[in-house]
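Novice: Everything below, folded, please.
(one chain, ligands or ions: 1)
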Amino acid sequence: MSSLSSLPIGACATLLAVTMSAQTPPAQTPAGRAVESRFPAGPGRDALFKVCRECHGPESVLGQLKTREEWSKTLDEMASNGASGTDEEWKEILDYLATHYSLIFVNKATATELESTLDVSAAIAEAIVGARTEQGALKTIDELKRVPGVDPLKIDARKDRLVF
Ligand code: HEC
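Specialist: Residues are numbered from 1 along each chain as shown. So this is what the prediction gives:
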């Protein structure tokens, strides 16, 4: 569980202190585009920028890793803080955060979860599930990379999120 224990304590408070002071500039300005470029493109990014811009800006999620359930709880808290969006926007934001800013439980995640969090095809996600079923839990990043079809670069790009 090294990924969990290496998360800096108090990162939330620090991030907020930095970001609370300035609202995110609108996406159509150069400054706004600079902020946007720090977030992976994909469904849900627009909703994140729309719903999370007031108060502290979407940058508050950068550098944070939570489980899908924890993100769901954070979103509930933001709704009680006063954030407002449509049901569809909240769902898209949760999916976006779970896809890009969640811990990846290599040995517990379902094939569908692996597909979105590792950005692999359904067949490769199934191959990972197959490997851990046949040979027992995958114990290292190298074991994960050795599953046939897995792109090692995609795994390396997510190494801080992997939990074995
Ligand atoms: C109406 C104002 C408001 C909006 C809009 C808002 N937040 Fe927050 N957010 C806060 C406040 C206040 C805090 C600090 C207190 C707290 O944690 O609830 C905070 C803290 C946070 C934190 C750091 C604390 C933690 O729980 O990790 C994250 C992450 C976060 N917000 C994400 C979001 C996301 C994602 C959205 C868009 C869905 C959003 N916020 C929209 C007011 C807002």
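Novice: Show me what from the chain comes close to the ligand.
Specialist: Residues of the chain lying close to the ligand by Cβ under 6 Å from any ligand atom are 12, 16, 51-52, 54-56, 60-61, 64, 74-75, 77-78, 81-83, 93. The C-beta positions use only the backbone N, C-alpha and C, and glycine is treated the same way.
Novice: May I have the predicted confidence score for S21?
Specialist: We have a pLDDT of 47 for S21.
Novice: Same question for the one 3 residues further on.
Specialist: Per-residue confidence at T24 stands at 69 (pLDDT).
Novice: Could you do the one 3 residues further on as well?
Specialist: Taken from the predicted model, the pLDDT recorded for A27 is 70.
Novice: ok, so what distance separates it from the ligand?
Specialist: Distance of A27 to the ligand, given as Cβ to the nearest ligand atom, to the nearest Å: 15 Å.
Novice: change the start of the numbering to 9 and stick with it
Specialist: Right, with 9 as the first residue, what we last looked at is A35.
Novice: contacting residues for that residue?
Specialist: 41, 43-44, 57 (Cβ atoms under 8 Å, 6 or more residues apart in numbering).
Novice: Columns neighbour count and secondary structure on top of the residues you listed, output as JSON lines?
Specialist: As requested, the contacts of A35 are arranged in JSON lines below (neighbours: other Cβ atoms under 10 Å; DSSP: H, G, I helix; E, B strand; the rest coil):
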{"residue": "R41", "neighbour count": "12", "secondary structure": "helix"}
{"residue": "V43", "neighbour count": "19", "secondary structure": "helix"}
{"residue": "E44", "neighbour count": "18", "secondary structure": "helix"}
{"residue": "F57", "neighbour count": "19", "secondary structure": "helix"}
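Novice: Just name the closest of those residues to V155, please.
Specialist: Taking Cβ to Cβ as the measure, E44 is the one of the contacts of A35 closest to V155, at 33.4 Å.
Novice: Verify the stated contact: that closest one with F57.
Specialist: Yes. Under the criterion of Cβ atoms under 8 Å, E44 makes contact with F57 at 6.6 Å.
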